[in-house]
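Student: Got a sequence here, can you model it:
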Amino acid sequence: MKSTDGAALATGLLSNAYFTPAQLAAELRTSVRTLDRWELHRIGPPRTRIGRKSFYRRDSVIVWLREQEKPVHPQNRRRGGR
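Tutor: Next comes the predicted model:
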């Protein structure tokens, strides 16, 4: 009988419920360094830390992305060239 300890991690970090920083950076088309900077400024998606390793829960990243949505307002421009 196989042990399940760590088996989920070996098969895709709990069936891909979590991203590594490199995976999330690739998904967001940014760098791991940017994710670290966002963490420093507390503006990025929530992280889960296990020892020295960081992981991002897929559902939390989706919620964070939705929270980043802002309505687009046209620029207020004066008429008359001023």
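Student: could you pull out the helices for the chain?
Tutor: Per DSSP state H, the chain carries helices over the ranges 7-10, 13-16, 21-28, 32-40, 58-67.
Student: can you pull the pLDDT of residue 66?
Tutor: Listed pLDDT for residue 66 reads 96.
Student: next one: the one 4 residues further on
Tutor: The per-residue pLDDT reported for residue 70 equals 88.
Student: any chance of the helices of the chain in JSON lines, plus mean neighbour count and distance to residue 48?
Tutor: All C-beta atoms are positioned from the backbone trio N, CA, C, and that covers glycine. Listed next are the helices of the chain as JSON lines, based on neighbours: other C-beta atoms under 10 Å; distance: least, C-beta to C-beta, whole Å:
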{"stretch": "helix 7-10", "mean neighbour count": "10", "distance to residue 48": "13"}
{"stretch": "helix 13-16", "mean neighbour count": "11", "distance to residue 48": "11"}
{"stretch": "helix 21-28", "mean neighbour count": "16", "distance to residue 48": "11"}
{"stretch": "helix 32-40", "mean neighbour count": "14", "distance to residue 48": "12"}
{"stretch": "helix 58-67", "mean neighbour count": "13", "distance to residue 48": "8"}
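Student: With distance to residue 52 as new columns, can the ones you listed be given to me in a markdown table?
Tutor: Shown next, in a markdown table, are these (distance: least, C-beta to C-beta, whole Å):
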| stretch | distance to residue 52 |
| --- | --- |
| helix 7-10 | 15 |
| helix 13-16 | 16 |
| helix 21-28 | 12 |
| helix 32-40 | 13 |
| helix 58-67 | 20 |
